[in-house]
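Undergrad: sequence unknown, structure follows:
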């Protein structure tokens, strides 16, 4: 075990004994160590608070144990588990300080890795529960008149989630550009008949799958019942982030769709849309059926909600 002995009776408490293990760990020779205070192991990233704790222990002549970042002669750093203990004579007078060191860099890295893995497992567990909750809602709220249509409806919605999941995975579960997410969900349906407009917005990972499902639900219903079911029909989607209220606002407008009464009678998936926006995202939904088709506005708290995940 690396160890040194210093003499507090001399100016600046210099090292008077250093064993071979200490010299090997630090990279210094005996001549470079003896007669110097051990602070030469400190460097630019050494914690001043830990150094202050050491100084208090030495000044008060009691044992002290800390972990601090030290530096070898070649400039490389290592984490040092340092233990310092005063040595007194029979009369209680202070003679020396004994200090042992242990390079605990590998142990700290292992603890750091373990903590990171634990955080990752918790995050994976949380995300899995979120996705399962979405799928559960899809299964429960899908409504059709035949088993085949029910299976197709559920499959399409789950595939929309899977597509969003793939985008998140590609981006290492960081933000996803909102425009890119919308384009991906529009791809099977739009045929160039959907216009997008809005500033670049990085969508927090916690919102990606619910927003993807919202867009899918709107465009799939428009393709079956609304404006995209007609060759002349068109859809516009625009969005903006209200920084004052920390909300994301998405607007959907159809033109050239069937008569509003027919659209309302079809149900237009409004139950699932409302559930996504209001129950899960804690936002607000406005759906209006105009002569040209559905007009919708969806507002969700983008910052506050993201911080909860």
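TA: It's in. Values in this document were obtained by computation on a predicted structure and should not be read as measured data. Residues are numbered from 1 along each chain as shown.
Undergrad: least trustworthy helix or strand in this protein by mean pLDDT?
TA: helix 260-265 (a mean of 51; mean pLDDT, DSSP states H and E).
Undergrad: whichever helix or strand comes after that helix packs against which elements?
TA: Later in the chain than helix 260-265, the nearest helix or strand by DSSP states H and E is helix 270-274. Identification of packing neighbours for helix 270-274 by 3 or more C-beta pairs under 8 Å, 6 or more residues apart in numbering; DSSP states H and E yields helix 105-141, helix 205-224, strand 284-290. From N, CA and C alone the C-beta is placed, and that goes for glycine too.
Undergrad: where in the stretch 101-250 of the chain is pLDDT low?
TA: Within the stretch 101-250 of the chain, the segments meeting pLDDT under 70 span 123-133, 136-137, 140-145, 190.
Undergrad: repeat the analysis, applying 80 as the threshold.
TA: 116, 119-147, 149-153, 173, 188, 190-191, 243, 245 (pLDDT under 80).
Undergrad: residues near residue 24, how many?
TA: 10 (other C-beta atoms under 10 Å).
Undergrad: redo the helices and strands packed on helix 270-274 as CSV? Include distance to residue 234 and mean neighbour count.
TA: Output for those, formatted as CSV (distance: least, C-beta to C-beta, whole Å; neighbours: other C-beta atoms under 10 Å):
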stretch, distance to residue 234, mean neighbour count
helix 105-141, 28, 12
helix 205-224, 10, 23
strand 284-290, 13, 15
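Undergrad: can I get the ones you listed in JSON lines including distance to residue 83?
TA: JSON lines is the format used below for these (distance: least, C-beta to C-beta, whole Å):
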{"stretch": "helix 105-141", "distance to residue 83": "15"}
{"stretch": "helix 205-224", "distance to residue 83": "44"}
{"stretch": "strand 284-290", "distance to residue 83": "60"}
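Undergrad: for these, which one sits closest to residue 237?
TA: The minimum distance between residue 237 and the helices and strands packed on helix 270-274 falls on helix 205-224, with 7.7 Å, by C-beta to C-beta.
Undergrad: show me where the chain has strands.
TA: Assignment of strands within the chain using DSSP state E yields the ranges 3-6, 15-18, 64-71, 77-88, 94-100, 176-177, 194-197, 202-203, 234-242, 247-255, 284-290, 293-301.
Undergrad: mind checking those strands for the one nearest to residue 34?
TA: strand 15-18 (5.8 Å).
Undergrad: in that closest one, what's buried?
TA: By neighbour count on 16 or more other C-beta atoms under 10 Å, the buried set for strand 15-18 is 15, 18.
Undergrad: packing partners for that strand?
TA: strand 3-6, helix 30-33.
Undergrad: can you tell me the strand partners of it and which way each runs?
TA: strand 3-6 (antiparallel) (DSSP bridges).
Undergrad: now the strands of the chain as JSON lines including distance to residue 274?
TA: As requested, those are exported to JSON lines (distance: least, C-beta to C-beta, whole Å):
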{"stretch": "strand 3-6", "distance to residue 274": "70"}
{"stretch": "strand 15-18", "distance to residue 274": "73"}
{"stretch": "strand 64-71", "distance to residue 274": "54"}
{"stretch": "strand 77-88", "distance to residue 274": "54"}
{"stretch": "strand 94-100", "distance to residue 274": "66"}
{"stretch": "strand 176-177", "distance to residue 274": "24"}
{"stretch": "strand 194-197", "distance to residue 274": "22"}
{"stretch": "strand 202-203", "distance to residue 274": "20"}
{"stretch": "strand 234-242", "distance to residue 274": "18"}
{"stretch": "strand 247-255", "distance to residue 274": "14"}
{"stretch": "strand 284-290", "distance to residue 274": "5"}
{"stretch": "strand 293-301", "distance to residue 274": "10"}
